[in-house]
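Visitor: Task: produce atomic coordinates for the following.
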Amino acid sequence: MITIKDVLLIIGSTTTIVFAFVGYNKWKKELIGRLKYELARTILKELYSLRDSFKELRSTLILASEFPPGFNPKDNNEKESNRYIFTNRLKYFSKSYNSFLSILPEIEIEFEPELLKLIRELLSQITMYQFRLNEFIQLTGNTNNDEHYQELRRIIFNIGDDNPTTSEFMVLTEKIENKLKREIKKY
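Guide: Predicted structure coming up:
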């Protein structure tokens, strides 16, 4: 025969199991949320670092310390100077670029494909910039008054208000930033 004590024990055990299950599910959601929150913050930091180093790479201001040792402006070896300057600028840029690339697998795992698509577009922009930079360095000194060379120079050095490279890069950066900030606000 079942006593009141047995009924209370069954009810208590069932209640404990239900609360344990609910607690476990809340803990699991919280853990996943915290991981996504931290990842989104990391991506934002890397995105800002990439954006800033891209601006520095494209800066029209060339400091005297950026020229090769023993540089003499009268020698007019612009091609070698540009190669030296951009090789050194690319070293700094590469650090933030590679750091950003290192988190791509996590982005692919944790976030929707639309964010990954925007990031890949941004990386494609950077790759195209690097191709243009190589072409610019190759053409330097040969055809400085050529329209194509002048257009490359505008792109490489971020000259002009209507620079398409700058516009596209900033639009993509803002889209990625907005998506990540919305993701952060969820948690």
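
Visitor: Give me the buried positions along the lowest-mean-pLDDT helix or strand in the chain.
Guide: Ranking every helix and strand in the chain by mean pLDDT, DSSP states H and E puts helix 147-156 at the bottom, with a mean of 85. Within helix 147-156, the residues scored as buried using 16 or more other C-beta atoms under 10 Å are 149, 152-156. (C-beta placed from N, C-alpha, C; glycine too.)

Visitor: Let's check: the centremost residue of the protein is which one?
Guide: By C-alpha atoms, centre = their mean, the chain has its centre lying nearest to Leu47, at 3.2 Å.

Visitor: Could you point out the longest helix of this protein?
Guide: Longest helix in the chain, counting residues (DSSP state H): helix 4-57.

Visitor: Report the angle between the helix or strand following it and helix 147-156.
Guide: Beyond helix 4-57 on the C-terminal side, the first helix or strand identified by DSSP states H and E is helix 78-102. Computed by axes from the mean of the first three to the mean of the last three C-alpha atoms, to 10 degrees, the angle separating helix 78-102 from helix 147-156 equals 50 degrees.

Visitor: other SSEs contacting helix 78-102?
Guide: With contacts taken as 3 or more C-beta pairs under 8 Å, 6 or more residues apart in numbering; DSSP states H and E, helix 78-102 sits against helix 4-57, helix 113-139.

Visitor: Most tightly packed of the ones you listed?
Guide: With neighbours taken as mean count of other C-beta atoms under 10 Å, the helices and strands packed on helix 78-102 reach their highest mean count in helix 113-139, at a mean of 15.

Visitor: Now do that helix: distance to the chain's middle.
Guide: In terms of C-alpha atoms, centre = their mean, to the nearest Å, the gap separating the centre of helix 113-139 from the centre of its chain is 12 Å.
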